[in-house]
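Q: Okay, predicted coordinates and the sequence, questions at the end:
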Amino acid sequence: MPPLSEGEFALLRTYCPRVPPTTTTRCSALSIFSLAFIDLFSGIGGIRRGFDAIGGKCVFTSEWNKEAVRTYKANHYSDPQEHLFNTDIRLITQPAVLRDEAAIYRHINAEIPDHQVLLAGFPCQPFSLAGVSKKNALGRAHGFECEAQGTLFFDVARIIAAKKPPSSCWRTSKISRATTRDAPSP
């Protein structure tokens with residue numbers, strides 16, 4: 001295969017995510033990168049776009065869907081020296097090798113970078129009307145009984161308890177069957 005021409009290489013580079021500017025920001029109240037945030041259950045990174053636009057810096061992302069991760073990485077610059085990418089948040093919040101609750105919270109604190117804002121778009125399927133109907137039709141558990149997605153809310157609560165960020169933003173679809181339950185504490 002012949003090497004790329006300079007024109008082909010230049011065109012290819014236009015498709016790559018760009019390093020965000022380091023000297024200016026559209027929001028005068030914040031200096032660039034003064035707001036560190038983490039993006040949990042990120043999908044393709046839609047909510048990240050808004051935080052990037054005001055000068056935020058994503059320091060940690062978690063998403064388990066491989067195709068969403070591929071799109072996310074194509075759309076968002078993530079310096080590997082300053083940004084960690086995780087696939088399954090439960091590997092951090094529910095490590096199999098740790099049973100002591102205090103040790104688990106220390107593990108979370110060590111694995112997830114410090115941040116001012118936690119963004120979490122946790123899955124709504126176990127709670128939404130459409131998701132519950134589908135799970136019922138398939139004979140699967142839903143709500144907090146859905147082990148794959150229904151308990152992720154508690155993983156976010158564990159991170160908040162361990163890291164104590166000043167702010168968190170939870171995003172999900174309209175849910176009318178949600179159940180309240182006390183969040184875990186460290």
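A: Received it, and whenever you're ready, just let me know what you need. Just so it is clear, the structure is predicted and the values come from calculations on it, not from any experiment. Residues are numbered from 1 along each chain as shown.
Q: check contacts around L84.
A: By Cβ atoms under 8 Å, 6 or more residues apart in numbering, L84 lies in contact with V59, F60, T61, I112, P113. (C-beta placed from N, C-alpha, C; glycine too.)
Q: try 6 Å
A: L84 is in contact with F60, counting by Cβ atoms under 6 Å, 6 or more residues apart in numbering.
Q: partner residues bridging it?
A: Assessed by DSSP bridges, L84 has beta-bridge partners F60.
Q: The least confident helix or strand in the chain by mean pLDDT: what's the following helix or strand?
A: In the chain, no helix or strand scores lower on mean pLDDT, DSSP states H and E than helix 129-137, which sits at a mean of 61. Per DSSP states H and E, the first helix or strand lying C-terminal to helix 129-137 is helix 152-163.
Q: In terms of secondary structure, what does that next one contact?
A: Where contact means 3 or more Cβ pairs under 6 Å, 6 or more residues apart in numbering; DSSP states H and E, helix 152-163 is packed against helix 101-111.
Q: Report the buried residues of the helix it packs on.
A: I104, Y105, H107, I108, E111 (16 or more other Cβ atoms under 10 Å).
Q: will you turn those residues into TSV that also has distance to T93 and pLDDT?
A: What follows is these, written out as TSV (distance: Cβ to Cβ, whole Å; pLDDT from 0 to 100):
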residue	distance to T93	pLDDT
I104	7	92
Y105	9	92
H107	8	94
I108	6	94
E111	9	95
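Q: Kindly reformat the residues you listed as CSV containing distance to P95.
A: Shown next, in CSV, are the buried residues of helix 101-111 (distance: Cβ to Cβ, whole Å):
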residue, distance to P95
I104, 7
Y105, 11
H107, 6
I108, 9
E111, 9
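Q: now, among those, which is nearest to E8?
A: Proximity of the buried residues of helix 101-111 to E8 (Cβ to Cβ) peaks at E111, which lies at 40.5 Å.
Q: so who does the closest one touch?
A: I92.
Q: got it, and the one 4 residues further on?
A: Shown here is H115, whose contacts under the criterion Cβ under 6 Å, 6+ apart are A36, F37, I38, V59, P165.
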